[in-house]
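J.: Only the shape, not the letters, is given here:
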């Protein structure tokens, strides 16, 4: 299925022609019928001689309704361009054609309407006039077909021309990432909220959960229709009406988009290649007030030129109300960044149009290069090189470019950034980036060993921080690196964790002091143990550390633990006072000791007393057996 849009000057007979072709009146409002003037988008459909089904979006031709026209042509496959034979080429003919070129519409057919009110010579002159104006545009090889809607003359020829055109227009691809920009939303009694639009990027099914971007609202598709026929699934390139469950009419409007949750990058800025209109009569600068049109959305935006004159000869210095500023020459292009106040689900390769707010004219169009550029400084040579490298890339080539730029990208994020369906779990890593990390990681770990000889290894979070990779990516990369993992740390293979001789001497002396203190030892600091050395002794099993100040040699700890297990096994629940008395110590030591026993499962607290825990009962049972 294909969708075509109309285009052309007001009163040249677009809606009348569609009515004659399809039998459907695309004018939906009483005011349109009363005034004979299309104000908003209209919709129709018909079947071509080949059996090919075609959806039609009829757009208004009056300059006051150009916003509605732009909302209608953002997702069309081809255009039915209408020029009245008795009036010829007109201002809105030119602006509509410029918009179609900016949107890179693949082609079209020109209908030379009202052919019944001119003679043969006038008709030929009108044909030549159209040809002169479309030369070099997306309509450069379009068939020009004289027609008369009232008499029906030429309609069969027009249908054949459209059939020939659409036979070579590719079907909209199914990338597994549906996006439907909403052009209408309304309520049907007994059914609820309905939205319509042209579906692109993927298939929708009845029952699917969807998200309304950029609002973040979730809903479910109750049912789908295409050309008023109920369908279980809607394919890309078709006109779709979706009945949604879980949304009010006020929750969604033109410019919103139906997407699958988590599939799209919703952004308020993108970098792009901007092409200035050929008939631009004033500077296109960053100081202008512009409107951005993408999909069915339109809103104010700010344009930032990223190149200087020495980067691009299309950039010149122009006069403005605020002085001399960089500007883009007419009919030339430049790299820009656009900022706008409302999020959009944008993909690399999306086409857009820019209009001047004050002058109410179309001034530029372009193609999105990066949906997540950060803030790019003007004249930043590496960034300009990166953006230029993206131009013209699609599919796997674009994926490789993005991975090359970022080093490593999670599969889900890569899908959003490159505009492809997520087929990868985990990270996609650039080989050169992976090699640099693999070379650097052992150097960092060795430096850590040298600086912290008492540590078990370099903490993973510290290694990730120095490499500037997150924990998930680091875990994936570690599998291929020559490092040994010990819990939440890593060491070099063969790293000797034994204490250096000088530290061993300090440790032995400190342990003797602690052992001499019995159940009420001196503080760790008083024995000369540093925090790192105490941790090293704890890892080796020589010391049991209860707090920053309190530690016991492991043999002393085992003796105290055994005495308390025997006490509770023989006499029942024990209080802190019982423990103090049994061990001949103070509350300062008894409380952290019991907390450690609780943590180890030796005891279990119940109010102010301790019973034996699972491990305590096991120890008591073994004591009885012996």
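T.: Okay, I see it. These figures come from a predicted structure and were not determined experimentally.
J.: tell me the mean pLDDT over the helix or strand harbouring residue 3?
T.: Element membership for residue 3, per DSSP states H and E: strand 2-8. This predicted structure assigns strand 2-8 an average pLDDT of 93.
J.: where does this structure dip in pLDDT?
T.: 320-323, 422, 496-497, 623-626 (pLDDT under 70).
J.: For the strand holding residue 3, name the packing helices and strands.
T.: Packed against strand 2-8 by the contact rule (3 or more C-beta pairs under 8 Å, 6 or more residues apart in numbering; DSSP states H and E) you find helix 14-22, strand 53-58, helix 66-73, strand 78-84, helix 91-102, helix 155-167. The C-beta positions use only the backbone N, C-alpha and C, and glycine is treated the same way.
J.: Partner strands of that strand, with direction?
T.: strand 53-58 (parallel), strand 78-84 (parallel) (DSSP bridges).
J.: in the strand or helix carrying residue 507, what's buried?
T.: Using DSSP H and E, residue 507 sits within helix 501-516. Buried residues in helix 501-516, counted by 16 or more other C-beta atoms under 10 Å: 503, 506-507, 510-511, 513-514.
J.: returning to that earlier point: could you export the helices and strands packed on strand 2-8 as TSV, including distance to residue 430 and mean neighbour count?
T.: Shown next, in TSV, are the helices and strands packed on strand 2-8 (distance: least, C-beta to C-beta, whole Å; neighbours: other C-beta atoms under 10 Å):
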stretch	distance to residue 430	mean neighbour count
helix 14-22	50	23
strand 53-58	42	24
helix 66-73	38	23
strand 78-84	39	26
helix 91-102	34	21
helix 155-167	41	18
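J.: so which of these gets nearest residue 606?
T.: Of all the helices and strands packed on strand 2-8, helix 66-73 sits nearest to residue 606, with 69.8 Å by C-beta to C-beta.
J.: tell me the angle of that closest one relative to strand 78-84?
T.: Angle, helix 66-73 to strand 78-84, by axes from the mean of the first three to the mean of the last three C-alpha atoms, to 10 degrees: 140 degrees.
J.: quick one: helix 66-73 to chain centroid distance?
T.: Taking C-alpha atoms, centre = their mean, to the nearest Å, one finds helix 66-73 lying 26 Å from the centre of the chain it belongs to.
J.: On the three-state scheme, the residue nearest to residue 383 when sequence neighbours are not counted is what?
T.: Take residue 383 and drop its neighbours on the chain: the residue closest to it by C-beta to C-beta, 6 or more residues apart in numbering is residue 376, 4.9 Å away. With DSSP: H, G, I helix; E, B strand; the rest coil as the basis, residue 376 sits in coil.
J.: Name all residues that make contact with residue 376.
T.: Residue 376 makes contacts with 271, 304, 306, 337, 383, 387, as judged by C-beta atoms under 8 Å, 6 or more residues apart in numbering.
J.: The second one reaches residue 286, doesn't it?
T.: Yes: with contact defined as C-beta atoms under 8 Å, residue 304 and residue 286 form a contacting pair (5.6 Å).
J.: any idea how far residue 366 is from the residue nearest the centre of the chain?
T.: If you average the C-alpha coordinates of the chain and look for the closest C-alpha using C-alpha atoms, centre = their mean, you land on residue 265, 1.8 Å from that point. Residue 265 sits at a distance of 18 Å from residue 366 (criterion: C-beta to C-beta, to the nearest Å).
J.: Ok, residue 246 next?
T.: With C-beta to C-beta as the criterion, residue 246 and residue 366 are 36 Å apart.
J.: Off-centre distance for the helix holding residue 507?
T.: 58 Å.
J.: After it, heading C-terminal, what element do we hit next?
T.: Moving toward the C-terminus from helix 501-516, the next element (DSSP H and E) is helix 531-540.
J.: which helices and strands sit right next to the helix or strand following that next one?
T.: Per DSSP H and E, the first helix or strand lying C-terminal to helix 531-540 is strand 543-545. Applying 3+ C-beta pairs under 8 Å, 6+ apart, we find strand 543-545 packed against helix 531-540, strand 551-553, helix 554-571.
J.: most tightly surrounded among those?
T.: Comparing the helices and strands packed on strand 543-545 by mean neighbour count (mean count of other C-beta atoms under 10 Å), strand 551-553 ranks first with a mean of 24.
J.: That one pairs with which strands, and in what direction?
T.: Each strand paired with strand 551-553, and its direction, by DSSP bridges: strand 543-545 (antiparallel).
J.: got the contact list for the partner strand?
T.: Contacting residues not belonging to strand 543-545 are listed as 511, 514, 524, 534-535, 537-538, 551-554, 557, 596 [C-beta under 8 Å, 6+ apart].
J.: Ok, stretch 147-167 next?
T.: Stretch 147-167 has contacts (C-beta under 8 Å, 6+ apart) with 2, 4, 13, 16-17, 19-21, 48-50, 52, 54, 77-78, 80, 107-109, 111-116, 142-143, 145-146.
J.: distance between it and the chain's centre?
T.: Centroid separation for stretch 147-167 versus its chain: 42 Å, with C-alpha atoms, centre = their mean.
J.: just stretch 561-574 next, same as before
T.: Taking C-alpha atoms, centre = their mean, one finds the center of stretch 561-574 at 61 Å from the center of the full chain.
J.: Could you do stretch 346-359 as well?
T.: Average the C-alpha atoms of stretch 346-359, do the same for its chain, and the two points are 19 Å apart (C-alpha atoms, centre = their mean).
J.: With stretch 93-109 instead?
T.: A distance of 29 Å separates the C-alpha centroid of stretch 93-109 from that of its chain, computed with C-alpha atoms, centre = their mean.
J.: what's the first-to-last distance across that stretch?
T.: For stretch 93-109, the first and last residues are 14 Å from each other (C-alpha to C-alpha, to the nearest Å).
J.: Make sure residue 601 is actually in contact with residue 617.
T.: No: in terms of C-beta under 8 Å, residue 601 does not count as a neighbour of residue 617; the distance is 9.5 Å.
J.: which one of these two has more residues nearby?
T.: Each of residue 601 and residue 617 has its neighbours counted (other C-beta atoms under 10 Å); residue 617 has more, 17 against 14.
J.: list the buried ones in the helix or strand containing that one?
T.: Assigned by DSSP H and E, residue 617 belongs to helix 614-625. Taking 16+ other C-beta under 10 Å as the neighbour-count basis, helix 614-625 is seen to contain the buried residues 615-617, 619-620.
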